[in-house]
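Undergrad: Any chance you could fold what I've pasted below:
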Amino acid sequence: MPPSSSFLFLGGDCTPLHARLFCGRRLREEGFPSQLGRMDAEGGSTTLRTGSRNLRLRVLVPVALLALFVVSDIAALALAQGEGPGQGQGQGLGLGRGSGQGEHAGRSQGEGRGEGAGRGYFGRDQLLKLCVMAGLAGIALGMVVVKGFRYRKWLLLLSVGVAGFYLTGLLCPLCSVQNVFIKWNTAYLLLVLLPVALTLLVGRVYCGYVCPYGALQELLHVRRWAPKIPVRWRRALGVLKYAVLVYLVVHVLVTWTEILRDMTPFRALFAWGGTPLTIGLAAAFAVLSIFLWRPFCEVLCPLGALLSLVSRVSLFRLEADASCVSCGACTAKCPTSTCDGGSIHAADCYMCGECVRTCGPKSLRLRLRWSKACAPTAGKGNAA
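TA: Numbering: from 1, shown residues only. A predicted model of the protein is given here:
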């Protein structure tokens, strides 16, 4: 038997196997559940069943998302080949930039600013944006499924470079929740529905991996300089983003016009220019991002508020199994105070994977929402 076979490599640890088994017995005597103990008792059958479920999960989720992307892109291309909805309705309603005639001439200004009407189904590189968003989302989903969280920073850099600077922000958080109504008859609707569909599948992966505005804030953040903010304060401030979402949606439905068009932080940076106000706003949030983790995302982002609501009913989510000992390591590592001793608040989770990387027993895993989950055994160690 080669010397290396006497070691059990779990989580990068090279502790000898007999020492691991001894620690497992001690933990069982003190009331802690142990993965090694379960393997001892069940002859490894639990591990085999878990591995089988994980394999199916890792295969089915990317296939389902890829099928979703392919269907959406085919539908978009098919609509673009013929007379798009924007062309037919734009002529009947007088939504072109110049005339202002037609049945709803009063809305021509808002539609003209939306830049979707009268130009066909696609406008302003929307097909390119759809493809880039689908590509980034596919990479992000793969990282989440195979737990490749250590490469996440590279994807954030790619998002800032391509989706941010090259595509001038990809999907503006303030404009998107308004333009989805104004540009409902263009490909802009697909740009908004794609993050929603991704969130329905696995939670706020778009926020945590694809959005260039959030990515730049996170890359600027220095965690050791971050002040300790009580969880109740974070939750109270987080209510503001829902208020912003409601206000913008009500305003656009009543007036059919867009407001706060260039007020998203870093919009001026991605667009290579702006007014003194927008440049100052970008600079202010850049400084705030050094000390606070994603301040705009956490407090003011209306798109994040929408996806937070959607993530409450996501198909897959991170959950802890029975091997969780409630050690608190994930709670200390979570940048949003979302993880509490193995219990994760899905609405505020960005799927960054810090809790998964920190978890010693490897208890946190992606689970189907309706699967029978084993509750973590909180407090057993203290009881013993």
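Undergrad: ok now do the closest residue to residue 358 other than its chain neighbours, which residues does it touch?
TA: Spatial nearest neighbour of residue 358, excluding adjacent residues (Cβ to Cβ, 6 or more residues apart in numbering): residue 333 at 4.3 Å. No exception for glycine: its C-beta is placed from N, CA and C like everyone else's. Counting by Cβ atoms under 8 Å, 6 or more residues apart in numbering, residue 333 makes contact with 339, 354-355, 357-358.
Undergrad: Tell me which two of those sit farthest apart.
TA: 339 and 357 (11.8 Å; Cβ to Cβ).
Undergrad: The stretch 101-250 of the chain: helices as residue ranges?
TA: 108-114, 126-146, 152-158, 173-182, 188-202, 205, 212-220, 231-255 (DSSP state H, counting those that start in this stretch).
Undergrad: who wins for neighbours among the contacts of residue 333?
TA: Neighbour counts for these, by other Cβ atoms under 10 Å, peak at residue 339, which reaches 27 neighbours.
Undergrad: Quick check, that residue in contact with residue 329.
TA: No. Contact criterion Cβ atoms under 8 Å: residue 339 and residue 329 do not qualify, at 9.4 Å.
Undergrad: about what we covered before: just the ones in strands from the contacts of residue 333, please.
TA: residue 339 (DSSP state E).
Undergrad: Can I get the helices of the stretch 101-250 of the chain in JSON lines including mean neighbour count and distance to residue 322?
TA: As requested, the helices of the stretch 101-250 of the chain are exported to JSON lines (neighbours: other Cβ atoms under 10 Å; distance: least, Cβ to Cβ, whole Å):
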{"stretch": "helix 108-114", "mean neighbour count": "20", "distance to residue 322": "52"}
{"stretch": "helix 126-146", "mean neighbour count": "19", "distance to residue 322": "22"}
{"stretch": "helix 152-158", "mean neighbour count": "17", "distance to residue 322": "28"}
{"stretch": "helix 173-182", "mean neighbour count": "23", "distance to residue 322": "39"}
{"stretch": "helix 188-202", "mean neighbour count": "21", "distance to residue 322": "23"}
{"stretch": "helix 205", "mean neighbour count": "27", "distance to residue 322": "26"}
{"stretch": "helix 212-220", "mean neighbour count": "23", "distance to residue 322": "32"}
{"stretch": "helix 231-255", "mean neighbour count": "14", "distance to residue 322": "26"}
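Undergrad: closest to residue 369 out of the ones you listed?
TA: Of all these, it is helix 188-202 that lies closest to residue 369, at 10.4 Å by Cβ to Cβ.
Undergrad: Show me the strands in this structure, by range?
TA: Going by DSSP E, the chain shows strands at 316-320, 339-340, 343-344, 364-368.
Undergrad: JSON lines for the ones you listed, including distance to residue 287 and mean pLDDT?
TA: Below are the strands of the chain laid out as JSON lines (distance: least, Cβ to Cβ, whole Å; pLDDT from 0 to 100):
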{"stretch": "strand 316-320", "distance to residue 287": "32", "mean pLDDT": "86"}
{"stretch": "strand 339-340", "distance to residue 287": "27", "mean pLDDT": "82"}
{"stretch": "strand 343-344", "distance to residue 287": "30", "mean pLDDT": "83"}
{"stretch": "strand 364-368", "distance to residue 287": "33", "mean pLDDT": "84"}
